[in-house]
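Student: Sequence first, then the predicted structure, then my questions.
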Amino acid sequence: MVYSTPYKIIGGVRRTSLHKIMKIKTTFIIFAILVLSFIGLRSGTATTSRLPNSDKQISSTKAGPFNFLSCFGGSDADDCDDVAVDAAGHIYLACHSLSNDFPGSKQRDNSQDADRMDAYISKIDPAAGKVIYTVRLGGSKWDGAKHIEIDQHGNAYVAGFTYSSNFPTTSNALRREYIGGKSDAFLVKIKADGAIEYSTFFGGSDADHGYSVAFDKAGNVYLAGTTWSDDLPGIEKGSSNKYSGSGDGFVAVWNLSQPSTLRVKYIGGKGEEYLKGMTLDDSGNLFISGFTQSADFPLRAALQKKLNGSQDAFLTKLARADLSYRFSTLIGGSGEDHAWGVAVDRAGMPYLAGGTGSSDFPTTTTALQRSYKGETDVFVTKFNTTGTRMLYSTYLGGTGFDLSYDGDVIAVDRDGNAWVVGETHSSDFPTANAMQTAYGGGEGDGFVSVINPNGSSLLLSSYVGGNDRDILEGTAAAPGGGAWATGLTGSRNLQTTGSLQKSHNGGRFDVMLIQIPVPGRKSMTH
């Protein structure tokens, strides 16, 4: 049984099948955990320091430098998987680090931290180049966060998972005790001033991973991820809602002030599932994404009714009231396909992004790239609200390895443009209005691409990288236009801007944080 999620390959990418790439484990496990301050914490450690039919020929033009590009980190390895932006323009980073001198934080006592990997959460004022606060939290083992969302009051909601039985929890937690197995999921709410308002374990007697979090105006929180536990809380006795096989997705919802409202739904078949992404539309419907190896994956009003390969992506829509299926469909080709991110626009239409090893992944006739180009390609698919039709579906990539993975890899802006980030090893990755038109070298570059609402052209597409390994893993649309993205960099030759941190601070990796400008109105088409 595989308990671990696919990890990044530190120090280089082995050119092999997508499945093997995504299954590789490394001794440097890099996930994030976002939690702030220590008010009401029961255990663990928390410190806060304030401070057509044929592919479009995409031309390579240069639009100018990034509005903001900075390294961020200490003297050891640092990484962020997700980024969020509030209405005031503050940036929130969910990071994890081996550095004892992570910016804005107090030094830790490594004698009590067997794995040394701790979580760091930083709130940044990019205009001033200032860290407003940095928070560290961790137990005696490995802890990591995968997703962060910010509400209108500046409260942060975080999902992740922990191997620490003494992970800090609050007195109002759904569950204060480590439940068992190799890991438990967690959900944390942090107030705007950096104090932890809520922190809880979630899981059963086996391994549980939290990958995504959401909230609604009624005070409900939603936690989604992957579980190997057949005894999750919130399941009524005798219910047909049961664990199905070798790892299922799950969605849990409850009101933070009313633990008795907990409801949980398993999502999966007899094979293995990874549930990676979740978002809510304005009506409170849930969209969840991931990948499955189950021939009996639960489908409703499905556009694709059976597995086309050994592993396909999935998109599922659930009703908020009772977590019943609105639709559930597979999408994939004869190879292996992975959906990581899901986003929804103001009209309630969902967008799916991930990676594919299928030369016959479904595409639409007007897609900007209809042909499979390399060892793996990114895919981006937009559905109608009922999941019965693909409004567009496109490959995105060059002749090498290209993938969007391991974070919140897609965001949709107010105009319906899709912002997608990831990693490329292609010297011919498609560019448009690029800030960096050429591959930077090393063991991979990050990329950011902006796809117009009908999927026919790139408004912007750029490499982001230097002479070492660079990955972009999370992105968030900014309220005033444009977007932010984060990931990691091993490059010492990035052309940084702004005054947050002028250069790489040492160690194998630093966090990379970039602001992406509003793309030009000129679209790069055939």
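Tutor: Yep, it's here.

Student: how about low-confidence regions in this protein?
Tutor: Where the chain drops to pLDDT under 70, the residues are 1-65, 109-115, 520-526.

Student: please redo it, this time with the cut-off set to 50
Tutor: Applying pLDDT under 50 to the chain flags the ranges 1-42, 50-63, 521-526.

Student: so where do the helices sit in it?
Tutor: Secondary structure of the chain (DSSP state H): helices located at 18-23.

Student: Look up how far G355 lies from the residue of it most remote from its centre.
Tutor: Relative to the C-alpha centroid of the chain, counting by Cα atoms, centre = their mean, G238 is the outermost residue, at 34.5 Å. For G238, the distance to G355 (Cβ to Cβ, to the nearest Å) stands at 40 Å. (Each C-beta comes from the backbone N, C-alpha and C, glycine too.)

Student: Could you do T292 as well?
Tutor: 15 Å.

Student: Flag every buried residue along stretch 493-500.
Tutor: Buried residues in stretch 493-500, counted by 16 or more other Cβ atoms under 10 Å: 494, 496, 498, 500.

Student: Ok, stretch 220-231 next?
Tutor: By 16+ other Cβ under 10 Å, the buried positions in stretch 220-231 come out as 220-229.

Student: quick one: which two of those residues are the most distant?
Tutor: Farthest pair in the buried residues of stretch 220-231 (Cβ to Cβ) is N220 and W228. Separation: 25.5 Å.

Student: what number of residues lie near D193?
Tutor: Applying other Cβ atoms under 10 Å, we find 14 residues neighbouring D193.

Student: Grab the nearest non-local neighbour of A173.
Tutor: Excluding the flanking residues, the one nearest A173 by Cβ to Cβ, 6 or more residues apart in numbering is T200, at 3.7 Å.

Student: Who are the contact partners of the one you found?
Tutor: 169-170, 173-176, 186-188 (Cβ atoms under 8 Å, 6 or more residues apart in numbering).

Student: run the last query once more with 7 Å
Tutor: The contact partners of T200, taken as Cβ atoms under 7 Å, 6 or more residues apart in numbering, are 169, 173-175, 186-187.

Student: residue ranges for the strands of the stretch 251-400 of the chain, please.
Tutor: With DSSP state E, counting those that start in this stretch, the ranges of strands along the stretch 251-400 of the chain come out as 258-267, 273-280, 286-292, 312-318, 325-331, 337-344, 350-356, 377-383, 390-396.

Student: Could you tell me how far A347 is located from V380?
Tutor: Per Cβ to Cβ, A347 is found 17 Å from V380.

Student: re the thing from before, show me which of the buried residues of stretch 220-231 is closest to F250.
Tutor: Among the buried residues of stretch 220-231, T227 lies closest to F250 (Cβ to Cβ), at 4.9 Å.

Student: from memory that closest one sits against F250, does it?
Tutor: Yes. The pair T227 and F250 passes the contact test of Cβ atoms under 7 Å, sitting 4.9 Å apart.

Student: F447 pairs with what?
Tutor: Counting by DSSP bridges, F447 forms beta bridges with G422, Y463.

Student: That one - how many residues pack around it?
Tutor: 32.

Student: now swap in the one 5 residues further on and tell me
Tutor: Using other Cβ under 10 Å, N452 has 19 other residues around it.

Student: In this structure it contacts A418, no?
Tutor: No. In this structure N452 lies outside contact range of A418 using Cβ under 7 Å: 8.4 Å.

Student: got a list of what the nearest residue to L307 once chain neighbours are set aside touches?
Tutor: Spatially, and ignoring its direct neighbours in sequence, L307 is nearest to A295 (5.7 Å; Cβ to Cβ, 6+ apart). Counting by Cβ under 7 Å, 6+ apart, A295 touches 269, 271, 307.

Student: so how far is F202 from A295?
Tutor: Using Cβ to Cβ, we find A295 at a distance of 29 Å from F202.

Student: How about S393?
Tutor: On the measure of Cβ to Cβ, S393 and F202 end up 34 Å apart.

Student: Those two: which has the busier surroundings?
Tutor: Using other Cβ under 10 Å as the criterion, S393 and F202 rank with F202 on top: 27 against 19.

Student: A339: neighbour count?
Tutor: A339 has 32 neighbours, counted by other Cβ under 10 Å.

Student: correct me, but it touches A313?
Tutor: Yes. In this structure, A339 is within contact of A313 by Cβ under 7 Å, at 3.5 Å.

Student: shared neighbours of those two, which are they?
Tutor: Residues touching both A339 and A313 (Cβ under 7 Å, 6+ apart) are 291, 352, 354.

Student: sorry, back to before: could you dump the strands of the stretch 251-400 of the chain into TSV with distance to S97 added?
Tutor: Formatted as TSV, the strands of the stretch 251-400 of the chain follow (distance: least, Cβ to Cβ, whole Å):
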stretch	distance to S97
strand 258-267	32
strand 273-280	23
strand 286-292	27
strand 312-318	31
strand 325-331	36
strand 337-344	22
strand 350-356	26
strand 377-383	28
strand 390-396	31
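
Student: dump the residue contacts of the closest residue to G249 other than its chain neighbours.
Tutor: Spatial nearest neighbour of G249, chain neighbours left out: L275 (3.0 Å); criterion: Cβ to Cβ, 6+ apart. Applying Cβ under 7 Å, 6+ apart to L275 gives the contacts 211, 224-226, 249-250, 267, 288, 290.

Student: cool, and S283?
Tutor: Per Cβ under 7 Å, 6+ apart, neighbours of S283: G348.

Student: again, only using 10 Å
Tutor: Residues in contact with S283 (Cβ atoms under 10 Å, 6 or more residues apart in numbering) are 319-320, 348, 385.

Student: Got phi/psi on it?
Tutor: phi -90, psi 0 (degrees, to the nearest 10).

Student: now that we're looking at it, how far away is E149 from it?
Tutor: From S283 to E149 the distance is 18 Å (Cβ to Cβ).

Student: With N241 instead?
Tutor: In this view, N241 and E149 are 26 Å apart by Cβ to Cβ.

Student: Look at those two and report which has more neighbours.
Tutor: Each of N241 and E149 has its neighbours counted (other Cβ under 10 Å); E149 has more, 24 against 16.

Student: Could you find the closest non-adjacent residue to that one?
Tutor: Closest residue to E149 apart from its sequence neighbours, by Cβ to Cβ, 6+ apart: Y157 at 4.8 Å.

Student: is it true that that neighbour touches H147?
Tutor: Yes. With contact defined as Cβ atoms under 10 Å, Y157 counts as touching H147 (8.5 Å).

Student: Out of these two, name the residue with the larger neighbour count.
Tutor: Neighbours were counted for Y157 and for H147 using other Cβ under 10 Å; H147 has more, 28 against 23.
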